[in-house]
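[1] structure of the sequence below:
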Amino acid sequence: MTQQMKNSQMTAMPRIMLAGANSGCGKTSITCGILRALTRRGVNVQPYKCGPDYIDPMLHSHITGNECRNLDPFFSTPDDLRYLMAKDSAGADFSVVEGVMGYYDGIGVSSDMSSHTVSQETGTPTVLILNVKGMSHTMIPLIKGLIEYRENPVAGVILNRCSRGLYLLMKPEIEKTLPVKVVGYFPQKEGIYIGSRHLGLMTAAEIDNLDEILDLLGDTAEEGIDLDLLMELGAGAAALPKAQVPEKPDKPRSRIAVAWDKAFCFYYKENLDILEQMGAELVYFSPVNDQELPFGTDGIYLGGGYPETYRQELCDNLSMKESILRAVREGKPMIAECGGFMYACRNLVETDESERPMLGLIDTDVRMTKRLSMQFGYVRMEALKDTAFFDKGTEIRAHEFHYSKADRRGDACRMTKSTGRSWEGLYVQDHLMAGYPHFYFHNCQEVARRFVDMASRYGGVEE
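    As a prediction, the model looks like this:
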C-alpha cells in the first residue's frame, strides 16, 4: 500500500466506469454526453480516462471544468490506482471513468492491464456501452458473455445506435434474463461528430463548434439515459482509503517553461503536478505564437502533440527557435517527448518529401509516415548508460505512438515490448533528453526530480 494511504480511513466515493465492447462503439461520445448532462445538473464531476490517452481527457476537462486524470495499470500498481482515484475524487460529487478499447483488451492480446483491470482493482461499478445496430435478441447473449467471462463489477449497459422503440422492447427482456440494469440508449443522430485524424480525435482547442456538439450530446444523454439510475449504480462503488494530496512547496526553486498550444498539448496532469510538488514553478508558452521563452526560464518541457500540423508556423517562428536554442546552449535542461522530440530534431519531412527546419538540437531528420510506426505501444525501458536523468540499469515504463520515424532514434535506452520485440532509442546529451517515449512521472519520479534539480542548479526562481 502506498505511504499516502497508510493509516487512512475509508470513505465513500460515488463513481462509474463507462466501458465498451470494442473500440469505436461510441464510448467517447456517450461519455461526453453524460458528462455534459451531469454538469448541467450542477453535479461536480471528476473525470478519468483509462490508458495512455491525451485527447479524450482534454474533452473531459473542457466539459467538467476539472482536470481529467489518467488511470493506467501499466504505469500504476493496484494500490497506486486506488490512491490516484481517491486523491483526485476527494472533492467531487461523482466520478466518471472512460475505458479504453474493449473492456477486456489489455497488453498484447491478453486482458492484463485493461479497463477491466482498473474497474476490478478500484471497485468501480461498470456500465458497458454496446453498439447494437442491427441486433435485437442477440444482444442478450452478447451481454451475458461479457459479464460472465471474468469476475467483474459490471452493473449496467447502455445500448448505442438504438432507437427508443427497440430500447423499450429490449430493456425488460435484458433485465429479466441478466443481472444488469439497462441504463439507457443513445440513438444515432446527424450532426454529432468530433473530427479525427491519424492520432485519434481532434483536440478540444481545434474544434470550432465544440460546445455546440457537446450540447447536442448532452441533450441526447438527457433524452435516452437514466442519469439518476447511473448515479445510483455509482453510489454502490467500494469505499476507498482517504488519500493525502502531496503538498507543493511554498516557494518554488526553479521555473520550468511548458510548451502548450495547438501543436504541443499532450501532457499527463499527474506529470505537471509532480514537477510542482518537487519544487518547479510551471509557466506556459506557445512555440507557435510566442516570440521567446517566458522570463526567468530555468528548464523546458516540450510535450507531445501535432507539430507536423503546424510545421510551417514552427519553422517560421525564428525568434522562438533562437530563444530555445540559446537556453539549451546556456545549460538549461530540457525534456522533449514525441512531438517535442520531432520539434527538437533537424528537419521535419512530410510524406511528400517537403521538409521544414526545426530546432536542430538533435542531428537527425524526422519523416512522417502514412502508417502507425511499428515501434509503438507500451514499452519497458532499460537505461544503457549513466545520464543526468537516470542511472545505467534504471527501468522505466513508457509509451510510444507516432506516425513518423526518426533516421536515428538515440541509444540511451533499450525499449522492449511485451512481445519481446526491442529497439534502442532516446537521446540524452548532458542536460537534454529527447525521444519518442512518453513518460508517466508517477512511476519514474527520479527522472522528474533530477529534471527539477538541474533547473534549480541552473538558476532558480528569481524574487
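[2] how about the helix or strand containing Ile396: buried residues?
    Using DSSP states H and E, Ile396 sits within strand 395-400. Neighbour counts over strand 395-400 (16 or more other C-beta atoms under 10 Å) mark Ile396, Arg397, Ala398, His399, Glu400 as buried. No exception for glycine: its C-beta is placed from N, CA and C like everyone else's.
[3] again with stretch 103-122
    Of the residues in stretch 103-122, 103-107, 111, 113-122 count as buried by neighbour count, 16+ other C-beta under 10 Å.
[4] pull the CA atoms of that stretch into CSV?
    Extracted C-alpha coordinates of stretch 103-122, given in CSV (Å, rounded to 0.1, in the frame of the first residue of the first chain):
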residue,chain,number,x,y,z
TYR,A,103,-13.4,-3.8,-21.7
TYR,A,104,-11.0,-6.8,-21.6
ASP,A,105,-8.5,-5.6,-24.1
GLY,A,106,-5.1,-5.2,-22.4
ILE,A,107,-1.4,-5.8,-23.1
GLY,A,108,-0.9,-7.6,-26.4
VAL,A,109,-3.9,-9.9,-26.9
SER,A,110,-4.3,-10.5,-23.2
SER,A,111,-6.8,-8.9,-20.7
ASP,A,112,-3.9,-7.9,-18.4
MET,A,113,-3.8,-4.2,-17.6
SER,A,114,-7.2,-3.5,-19.4
SER,A,115,-10.1,-1.3,-18.4
HIS,A,116,-11.4,-4.4,-16.6
THR,A,117,-8.3,-4.3,-14.5
VAL,A,118,-9.0,-0.7,-13.5
SER,A,119,-12.6,-1.3,-12.6
GLN,A,120,-11.8,-4.5,-10.7
GLU,A,121,-8.8,-3.1,-8.8
THR,A,122,-10.6,0.1,-7.8
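[5] tell me where the stretch 1-150 of the chain has strands.
    10-11, 15-20, 45-50, 69-71, 94-102, 126-131 (DSSP state E, counting those that start in this stretch).
[6] among the buried residues of stretch 103-122, which one sits closest to Thr177?
    Closest approach between the buried residues of stretch 103-122 and Thr177, by C-beta to C-beta: Tyr103, at 19.7 Å.
[7] what sits opposite the nearest residue to that closest one once chain neighbours are set aside in the beta ladder?
    Leaving aside its sequence neighbours, Tyr103 sits nearest to Ala19 (C-beta to C-beta, 6 or more residues apart in numbering; 4.3 Å). Beta bridges link Ala19 to Leu128 when assigned by DSSP bridges.
[8] contact partners for Ala19?
    Ala19 sits next to Lys27, Gly99, Gly102, Tyr103, Ser115, His116, Ser119, Thr126, Val127, Leu128, Ile129 when contact means C-beta atoms under 8 Å, 6 or more residues apart in numbering.
[9] now do it, the pLDDT please.
    At Ala19, the model reports a pLDDT of 97.
[10] what number of residues lie near the closest residue to Gln46 other than its chain neighbours?
    Excluding the flanking residues, the one nearest Gln46 by C-beta to C-beta, 6+ apart is Ala92, at 3.7 Å. Using other C-beta atoms under 10 Å, Ala92 has 18 other residues around it.
[11] can you report phi and psi for Ala92?
    With angles defined as degrees, to the nearest 10, Ala92 sits at phi -100, psi 160.
[12] His442 now?
    According to degrees, to the nearest 10, His442 has phi -60, psi -30.
[13] hmm, it is touching Thr77, no?
    No: applying C-beta atoms under 8 Å as the test, His442 and Thr77 come out as separate, 10.0 Å apart.
[14] more neighbours: which of these two?
    The neighbour count for His442 versus Thr77, taken as other C-beta under 10 Å, is higher for His442 (19 against 13).
[15] switch the buried residues of strand 395-400 over to JSON lines; also include distance to Val157 and pLDDT.
    What follows is the buried residues of strand 395-400, written out as JSON lines (distance: C-beta to C-beta, whole Å; pLDDT from 0 to 100):
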{"residue": "Ile396", "distance to Val157": "38", "pLDDT": "96"}
{"residue": "Arg397", "distance to Val157": "33", "pLDDT": "96"}
{"residue": "Ala398", "distance to Val157": "35", "pLDDT": "95"}
{"residue": "His399", "distance to Val157": "30", "pLDDT": "94"}
{"residue": "Glu400", "distance to Val157": "34", "pLDDT": "88"}
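[16] nearest to Pro73 among the residues you listed?
    Of all these, Arg397 has the smallest distance to Pro73: 10.6 Å, by C-beta to C-beta.
[17] confidence-wise, which helix or strand of the protein is lowest on average?
    Least confident element among the helices and strands of the chain, by mean pLDDT, DSSP states H and E: strand 196-197 (a mean of 46).
[18] pop the domain breakdown of the chain in here.
    Using automatic domain parsing, the domain parsing of the chain gives 3-241, 254-458.
[19] distance to Lys248 for those domains - can I get that in JSON lines?
    Shown next, in JSON lines, are those (distance: least, C-beta to C-beta, whole Å):
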{"stretch": "domain 3-241", "distance to Lys248": "14"}
{"stretch": "domain 254-458", "distance to Lys248": "5"}
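[20] can you tell me which of those the model trusts least?
    domain 3-241 (a mean of 91).
[21] gap between stretch 342-349 and the chain center?
    Computed by C-alpha atoms, centre = their mean, to the nearest Å, the chain-centroid distance of stretch 342-349 equals 24 Å.
[22] span of it from start to end?
    One end of stretch 342-349 sits 10 Å from the other (C-alpha to C-alpha, to the nearest Å).
[23] one more: stretch 172-183?
    For stretch 172-183, the end-to-end distance is 12 Å (C-alpha to C-alpha).
[24] kindly report the same for stretch 138-156.
    Stretch 138-156: ends 17 Å apart by C-alpha to C-alpha.
[25] residues contacting it, please?
    Residues outside stretch 138-156 that contact it (C-beta under 8 Å, 6+ apart) are 21, 103-104, 111, 116, 119-120, 123-128, 130, 132, 135, 157, 159, 170, 173-174, 177-183, 229-230, 233, 236.
[26] pull out the buried positions in that stretch.
    For stretch 138-156, a neighbour-count test (16+ other C-beta under 10 Å) marks Met139, Ile140, Ile143, Leu146, Ile147, Asn152, Pro153, Val154, Ala155, Gly156 as buried.
[27] filter the contacts of stretch 138-156 down to the buried ones.
    With burial judged by 16+ other C-beta under 10 Å, the buried subset of these is 21, 103-104, 111, 116, 119-120, 123-128, 130, 132, 135, 157, 159, 170, 174, 178, 180-183, 229-230, 233.
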